[in-house]
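1. quick one, fold the following:
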Amino acid sequence: MKQNLKISLQPFNKQKDFALLEKWIKSPHVKEWWGDPVKNIQEMSDPAIGGGEALIKVHSRPVGYVRWQIPSREDLQAAGLDDLPNSVVDIDIAIGEESYLSQGIGSQALQLLINRIAKSENVPMIMMCTSIHNARAIKSFEKAGFTRDRIFTDPEHGDMWLLTVTL
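-> Model prediction:
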């Protein structure tokens with residue numbers, strides 16, 4: 001693991017940064033866990049509802065993307081997660097530059113975002129979901145402070161871990 005990495009979150013500029021995000025979404029290491037790049041690119045074109053999005057930077061180099069939003073009741077119900085609070089924030093993250101995987105960047109970026117959300121939002125809980133087979137993501141999310149809540153079946157992605165942080 002590299003030491004002394006300066007991790008920061010920079011506001012995502014759709015006009016300036018979208019081509020880079022599109023490249024990352026199509027990368028095999030992201031596509032493996034995020035699924036259909038065409039669908040994901042379409043979703044990323046829409047504004048995050050009740051949240052935002054940022055580039056993850058190491059020093060000044062963009063290496064990943066994070067998006068947070070309040071999921072709709074319909075989306076939570078479809079996944080069998082309708083018991084979660086109305087103002088739960090859902091986070092999606094990808095380290096787009098493969099050479100930056102497994103260096104603690106994702107967990108540090110998540111910690112920065114958790115702190116930002118905790119200070120600026122009236123949010124009781126933050127959630128993340130990942131495939132039960134995505135050991136790297138699970139380890140990163142737990143390192144950032146998330147705990148495994150339960151396994152559920154997502155209509156599109158199969159068996160997933162729900163991980164949460166209570167604020």
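2. contacts, neighbours, all on C-alpha from now
-> Fine.
3. low pLDDT regions in this protein?
-> 1-3, 48-49, 121 (pLDDT under 70).
4. can you show me the helices along it?
-> 14-26, 28-34, 37-45, 73-78, 105-120, 135-143 (DSSP state H).
5. so for residue 158, which of these sits nearest?
-> helix 28-34 (11.1 Å; Cα to Cα).
6. just checking, what packs against the closest one?
-> Using 3 or more Cα pairs under 8 Å, 6 or more residues apart in numbering; DSSP states H and E, the elements in contact with helix 28-34 are helix 14-26.
7. report all helices and strands that the helix it packs on contacts.
-> Right, helix 14-26 is packed against helix 28-34, helix 37-45 by 3+ Cα pairs under 8 Å, 6+ apart.
8. tell me the gap between the longest one and the middle of its chain.
-> What that stands for is helix 37-45. The chain centre lies 14 Å from the centre of helix 37-45; the measure is Cα atoms, centre = their mean, to the nearest Å.
9. contacts for that helix?
-> 22, 25-26, 31, 34 (Cα atoms under 8 Å, 6 or more residues apart in numbering).
10. 7 Å instead, please
-> 22, 25-26, 31 (Cα atoms under 7 Å, 6 or more residues apart in numbering).
11. are any of the residues you listed buried, and which?
-> 22, 25-26 (16 or more other Cα atoms under 10 Å).
12. distance of the residue nearest the centre of the chain from residue 4?
-> The residue lying closest to the centre of the chain (Cα atoms, centre = their mean) is residue 92, at 1.9 Å. Residue 92 sits 25 Å away from residue 4, going by Cα to Cα, to the nearest Å.
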